[in-house]
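Asker: sequence plus the predicted model coming up.
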Amino acid sequence: MKFSVTKTSSSKLTDINFETLKFGDTFADHMFEVRYKNGAWGDGAILPYGPIKLDPAFSVLHYGQAVFEGMKAFRYKGNKVNIFRLDMHYKRFIRSCDRMNIAHVPQEMFVESIKQLVDVDRGWVPADKYKSLYLRPFIFASDEFLGVRVAMNYRYMVITGPVGNYYSEGIKPTKLTTYPQYVRAVKGGTGEAKVPGNYAATMQPNALAAKEGYAQVLWLDAFEHKYIEEVGTSNIFFKIGDELITPPLEGTILPGITRDSVIWLAKKWGMHVVERKISIDEVFEASKAGDLQEIFATGTAAVISPVGYIHHDGKAIDLKQDKMGELSQKLYDTLTGIHHGDVEDPDDWCTLI
Ligand code: COI
């Protein structure tokens, strides 16, 4: 499967300062687009990055039938490029599409759209070890129709952009807060799918958190408001005694690919890793007893992001750490090592182009 390529006549590459990259505000020169109509996919194309024309009646603008993925490409041993866990991202993309009843992008089309686009823009993959080219495949309903129904037309696109750290704190510990009055997801809902609505529903609580000085909300379960779920843009882990604990995948939290990689690595290192329900009270009790050693969030954008402070119900845990803990650092170094080829690929996680 070879896509047509129309190259930009005005590359922005030389205007970019790779030293000062943030997350999500810089886009590479090209994008991929393909349309689904009458039950079939058309011809995909790599085009200059730019605005797209949308009909104001497009169903996605009204009912939000859309799915996205977040993945990364890294500079690998000099001049190769590594796309991390491409197959697993495809599987999650398809599961999310199923939950939204969106037409499947065939695996070859997904894989080739990403490989060929990254290849065209390989000059945009930062050389720096702690930076990457963020890849954003997404699909949305494009019926010109206001009735509520499963759409018959879709657009699948990929955009990319070089990124630095997700949090402005860099890899310094962040501060989180719970808001038991809000919930992110309920069982049977869309919490485990990567869909825009999950993020839209967090905007108001996130704005409140930012106003109160927190980086993110630590979400609790929607039923009892006591079990920890995730951070919204990342999954979460607690090192308590000799256990590494993370909430289980029971339908309300995103099955993170960094989460999966961390569990895999920690188990390989002989650690006792447990996917189980963990209440906010248990974390406070472990902290009081001196058993809470590290808290960190994991995600494609966030990689390994230490958490130093959690506010809940007028009380706080303050780990008084101004840098990553020992385990978080080891995981961060190993993962970034695998990304860039300094640590051997443990289990076919790297797609090299
Ligand atoms: C990612 O980690 O890739 C995500 O999708 C988080 C994003 C919403 C910033």
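Answerer: Nice, thanks for sending it over.

Asker: okay, helices next: where are they in this structure?
Answerer: Assigned helices in the chain, in chain order: 59-63, 86-99, 107-120, 196-200, 203-211, 257-268, 280-288, 326-340 (criterion: DSSP state H).

Asker: what's the neighbour count on the spatially closest residue to L218 that is not a sequence neighbour?
Answerer: Spatially, and ignoring its direct neighbours in sequence, L218 is nearest to L176 (4.2 Å; Cβ to Cβ, 6 or more residues apart in numbering). The way it works is simple: take the backbone N, C-alpha and C, and place the C-beta from them, glycine included. If you count neighbours by other Cβ atoms under 10 Å, L176 ends up with 24.

Asker: before we move on, what about N153?
Answerer: Neighbours of N153 (other Cβ under 10 Å): 17.

Asker: wait, isn't it in contact with S142?
Answerer: Yes. Contact criterion Cβ atoms under 8 Å: N153 and S142 qualify, at 4.6 Å.

Asker: need the contact list for whichever residue of the stretch 101-250 of the chain sits closest to the ligand.
Answerer: As assessed by Cβ to the nearest ligand atom, the ligand sits closest to T233 within the stretch 101-250 of the chain, at 4.3 Å. Contact analysis of T233 by Cβ atoms under 8 Å, 6 or more residues apart in numbering lists Y166, Q216, A297, G299, A301, A302.

Asker: just give me the neighbour total for L292.
Answerer: L292: 20 neighbours (other Cβ under 10 Å).

Asker: show me what it is bridged to.
Answerer: The residues listed as beta-bridge partners of L292 by DSSP bridges are I240.

Asker: quick one: pLDDT of it?
Answerer: With respect to pLDDT, L292 scores 97.

Asker: just N165 next, same as before
Answerer: 81.

Asker: the ligand contacts on the stretch 51-200 of the chain?
Answerer: Proximity of the stretch 51-200 of the chain to the ligand (Cβ under 6 Å from any ligand atom) is limited to residues G70, Y199.

Asker: ok, now with 8 Å
Answerer: Contacts of the stretch 51-200 of the chain with the ligand, taken as Cβ under 8 Å from any ligand atom, map to F68, E69, G70, M71, K72, Y134, R136, Y166, K194, Y199.

Asker: list the contacts of the first one.
Answerer: Okay, so that is F68. R136, P137, F138, I139, K194, V195, P196.

Asker: name the nearest residue to the third one, sequence neighbours excluded.
Answerer: The shortest distance from F138 to any non-neighbouring residue, by Cβ to Cβ, 6+ apart, is to F68 (3.8 Å).

Asker: likewise the first one?
Answerer: When the adjacent residues along the chain are set aside, R136 lies closest to I159, with 5.1 Å between them (Cβ to Cβ, 6+ apart).

Asker: residues in contact with E112?
Answerer: Going by Cβ under 8 Å, 6+ apart, E112 touches M1, K2, F3, G44.

Asker: need the max-distance pair from the residues of the stretch 51-200 of the chain next to the ligand.
Answerer: K72 and Y199 (18.5 Å; Cβ to Cβ).

Asker: so where do the strands sit in the stretch 101-250 of the chain?
Answerer: Secondary structure of the stretch 101-250 of the chain, counting by DSSP state E, counting those that start in this stretch: strands at 132-141, 154-163, 174-177, 216-217, 235-240, 243-246.

Asker: nearest to V343, of those?
Answerer: The closest of those to V343 is strand 132-141. By Cβ to Cβ, the value is 15.6 Å.

Asker: can I get the closest one in PDB, CA atoms only?
Answerer: This file holds the C-alpha atoms of strand 132-141, laid out as PDB (Å, rounded to 0.1, in the frame of the first residue of the first chain):
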ATOM      1  CA  SER A 132      10.000  12.800  20.300                       C
ATOM      2  CA  LEU A 133       7.700  13.200  17.300                       C
ATOM      3  CA  TYR A 134       4.100  12.800  18.800                       C
ATOM      4  CA  LEU A 135       1.700  11.000  16.400                       C
ATOM      5  CA  ARG A 136      -2.000  11.700  16.500                       C
ATOM      6  CA  PRO A 137      -4.100   9.400  14.300                       C
ATOM      7  CA  PHE A 138      -7.800  10.200  14.600                       C
ATOM      8  CA  ILE A 139     -11.100   9.400  12.900                       C
ATOM      9  CA  PHE A 140     -14.300  11.300  12.900                       C
ATOM     10  CA  ALA A 141     -17.900  11.000  11.500                       C
END
